[in-house]
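[1] Sequence plus predicted model, see below.
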Amino acid sequence: MDSPLDCRTESPLSLSMTQRHTLAILVENKFGVLVRIAGLFSGRGFNIDSLNVATTTDPAFSRMTVVVRGDNKVLDQITRQLEKLVNVIEVQHFHPHEAVERELILLKVKADSKTRSEAMQIVDIFRAKIVDVQAESILVETTGAQRKVEAFLSLMRKFGVLEMTRTGPVAMRRAATACDDED
């Protein structure tokens, strides 16, 4: 398995049609911006896997993290179209290993007196947090990379998932590394 710090990565041109792309879009925090951006994607038949929007440290701006799948040609077209929108300030595309991505999941599972101890051990192993306890269930919060969240969810399913919500990833570019100078 390649190290996340390994500078040798696949060329973006060699990636498959279902390549996962993470975009960070800085926009003016104005009425209708989200609708226009979502419309741009749907108008070109490009499905959004996940979408997160929140204000930045400056309430005049919001940051959108959009995860999509597709080929690079369509992604380039979408990026150019996004950059033309009046309320869009900046569009960043994160290549694999360029960004730190985290996802939040809230998960309510069955947990009675017989299964609660085992469920709590899994929660502890994953450094998750129990945020509510009821007689027949627990509500758990965990954050992490998508792979960690999926592994946690896989183990917790055996208890019986009663309810779940998840954010999808949010992302931020890593600091520059020695690999950046090799281009």
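    Arrived safely, thanks for sending. Residues are numbered from 1 along each chain as shown.
[2] by contact count, what packs against the helix or strand hosting residue 154?
    Taking DSSP states H and E as the criterion, residue 154 maps to helix 146-156. For helix 146-156, the packing partners by 3 or more Cβ pairs under 8 Å, 6 or more residues apart in numbering; DSSP states H and E come out as strand 99-110, helix 116-125, strand 137-144, strand 161-166. Where you see a C-beta, it was placed from the backbone N, CA and C, and this is true even at glycine.
[3] mind listing what's buried in it?
    For helix 146-156, burial by neighbour count (16 or more other Cβ atoms under 10 Å) applies to 146, 148, 149, 152, 153, 156.
[4] Which residues are in contact with the third one?
    Neighbour list for residue 149: 103, 105, 142, 143, 166 [criterion: Cβ atoms under 8 Å, 6 or more residues apart in numbering].
[5] Please apply the same query to the last one.
    Contacts of residue 156 were listed using Cβ under 8 Å, 6+ apart, and they are 107, 109, 119, 122, 140.
[6] What of the fifth one?
    Applying Cβ under 8 Å, 6+ apart, we find residue 153 in contact with 105, 107, 161, 164.
[7] on that earlier part again, can you put the contacts of residue 149 in TSV and add neighbour count?
    Below are the contacts of residue 149 laid out as TSV (neighbours: other Cβ atoms under 10 Å):
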residue	neighbour count
103	22
105	21
142	20
143	16
166	15
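[8] Looking at these, which is nearest residue 115?
    Proximity of the contacts of residue 149 to residue 115 (Cβ to Cβ) peaks at residue 142, which lies at 18.1 Å.
[9] How about the contacts made by the residue nearest to that closest one when sequence neighbours are not counted?
    Leaving aside its sequence neighbours, residue 142 sits nearest to residue 128 (Cβ to Cβ, 6 or more residues apart in numbering; 3.6 Å). Residue 128 makes contact with 122, 140, 141, 142, 152 under the criterion Cβ under 8 Å, 6+ apart.
[10] and with 7 Å instead?
    Each residue near residue 128 by Cβ atoms under 7 Å, 6 or more residues apart in numbering is listed here: 140, 141, 142, 152.
[11] burial measure for the closest residue to residue 109 other than its chain neighbours, as a count.
    The spatial neighbour of residue 109 that comes closest, neighbours along the chain excluded (Cβ to Cβ, 6+ apart), is residue 159 at 4.2 Å. As a burial measure, residue 159 scores 19 neighbours (other Cβ atoms under 10 Å).
[12] So residue 159 sits against residue 112, correct?
    No. Using Cβ atoms under 7 Å, residue 159 is not in contact with residue 112, being 9.4 Å away.
[13] Tell me who's in contact with the residue nearest to residue 75 when sequence neighbours are not counted.
    Excluding the flanking residues, the one nearest residue 75 by Cβ to Cβ, 6+ apart is residue 21, at 5.3 Å. Neighbour list for residue 21: 68, 70, 75, 93 [criterion: Cβ under 7 Å, 6+ apart].
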